[in-house]
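# Predicted structure and sequence below. I'll ask about it afterward.
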Amino acid sequence: MTKNVLLLAFLILSLNSIAQKAQRIGYIDMEYILQNIPDYNEAQNKINAKAITWQNNIALQQKEIEDLKTELNNEKALLTKELIVEKEEDIQIKETELKKLQETYFGSNGDLFFLRQQLVQPIQDLVYNAVQDIASKRNYDFIFDKSSDLIMLFSNKQYDVSELVISSITRTEKLNEVKAKREALTNKESATVTNDDGATENALSEREQKRAELQQKLEEKKAEQLKKREALKKAIEDKRLQRIKEIEEAKKAKEAKKENN
């Protein structure tokens, strides 16, 4: 309460000291703004789900400790003093572990604190940056947070810039989405061009390969035809030589017969 009074007094003195010129003053409702940011609601749902899981883990250990205590009470009359002390020490150890677990989950520097900082802090920074941008562009001298410790006994709705902040954040998110989609489309087109180039190169390579295969077949066929032609010429030449030989032999035989007669 003292803190609020001192803050209010400071603001009154500040306003009085600069009352000679017109001041532009606005305020926001941080709770209202956060409730209208989808990312914040999503982050809050994740935090709540994780907190429930941690709370269930704690509840299970608490039940285990209660069961051990009940068991010890039921069996105490049948146990030796040493066994009783041993079981009580086990229960104390588990209670100490439970306290450490609670501190780990929900302590001032626990997992919940860091999870909230990780998920919510960026959104709060987004709101802060939007407020700074609005204050700069619209020449506001002061913008207060209605949901903070500052007690506002009266606030005129016309000075509420919460909707401007939400619009600014929404516009920024849409621009980021458009930018992300544009980058994704550009990457896709680049990949398509690359694939098309690769497909073209593959098609050209296949065409060249087929052309080379056809050329090879033509060369082989031409060589085979040439081989057949040479074989045919050789056969004809051999036949001609054989015919000449036969004629010569016949001529010699005729001359020899003539001499014998």
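Thanks, I have the structure now.
# Mind jotting down where the helices sit in the stretch 151-261 of the chain?
162-260 (DSSP state H, counting those that start in this stretch).
# Listing request: residues of it with sub-threshold pLDDT.
Low-confidence segments of the stretch 151-261 of the chain (pLDDT under 70): 151-153, 155, 175-204, 218, 232, 261.
# which stretches of the stretch 1-150 of the chain have low pLDDT?
Low-confidence segments of the stretch 1-150 of the chain (pLDDT under 70): 1-22, 149-150.
# what helix or strand does L83 sit in?
Element membership for L83 (DSSP states H and E) is helix 81-106.
# In that helix, which residues are buried?
Buried residues in helix 81-106, counted by 16 or more other C-beta atoms under 10 Å: K87, I91, L98, L101, Q102, Y105. Quick note: C-beta positions are derived from backbone N, CA and C, even for glycine.
# so after that helix, what's the next helix or strand?
helix 111-137.
# what angle do that next one and helix 81-106 make?
20 degrees (axes from the mean of the first three to the mean of the last three C-alpha atoms, to 10 degrees).
# just checking, next helix/strand downstream of helix 111-137?
Next along from helix 111-137, by DSSP H and E: strand 142-145.
# Give me the contact list for that next one.
Applying C-beta atoms under 8 Å, 6 or more residues apart in numbering, the external contacts of strand 142-145 come out as 11, 23-30, 131, 134-135, 150, 152, 161.
# Can you mark which positions in it are buried?
Those would be I143, D145, for strand 142-145 by 16+ other C-beta under 10 Å.
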